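S.K.: all I have is the shape, not the residue letters:
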């Protein structure tokens, strides 16, 4: 084995440490959660926790009218989902399910609202969600704590 291969193998071994993977998955969870949390906060009345704003309903009636759901129902469901699933992701509870739900929301947005945004935005959201669906929340998650074998 030459020196370059040996150095490469040492670097890969160091980067493959379980703690670094756990930190990376935590970072991915927080990143995906932040995207949807910020979007959810734009849909609620100022100074409220979950009171869906008239503006959000209007957006679903006009700008997001391609979504195949009644606008008021879609506004409430999107607002609640954009609050619930990011919280679950940050704490790492039901990580795969939460990421799958946000992947579904991303695809609805991609198909029915902003089809031109695939390469500029949505592909990144899909990649983050897929990592979490495939890998789970990692060892720094409530999922890990709840499923740990005793």
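M.R.: Cool, got the structure. What you see is a predicted model; the values in this text were computed from it and never measured.
S.K.: sketch out the low-pLDDT regions of the protein for me.
M.R.: Applying pLDDT under 70 to the chain flags the ranges 1, 149-150.
S.K.: helices or strands up against the longest helix along it?
M.R.: Longest helix of the chain, by residue count under DSSP state H: helix 18-41. Applying 3 or more CB pairs under 8 Å, 6 or more residues apart in numbering; DSSP states H and E, we find helix 18-41 packed against helix 71-91, helix 95-108, helix 123-135. (C-beta placed from N, C-alpha, C; glycine too.)
S.K.: in the following helix or strand past the last one, what's buried?
M.R.: When you say that, I think you mean helix 123-135. With elements assigned by DSSP states H and E, the helix or strand that comes after helix 123-135 is helix 142-147. Of all the residues in helix 142-147, those buried under the rule 16 or more other CB atoms under 10 Å are 143-144.
S.K.: please name the nearest non-neighbouring residue to residue 97.
M.R.: Once flanking residues are discounted, residue 97 sits nearest to residue 88: 7.8 Å by CB to CB, 6 or more residues apart in numbering.
S.K.: so who does the one you found touch?
M.R.: 94-95, 97-98 (CB atoms under 8 Å, 6 or more residues apart in numbering).
S.K.: now, of these, which are buried?
M.R.: Buried, going by 16+ other CB under 10 Å: 94-95, 98, out of the contacts of residue 88.
S.K.: now the helix or strand just after the longest helix of the chain: buried residues?
M.R.: As assigned by DSSP H and E, the chain's next helix or strand after helix 18-41 is helix 54-61. Using 16+ other CB under 10 Å as the test for burial, helix 54-61 gives 56-57, 59-60.
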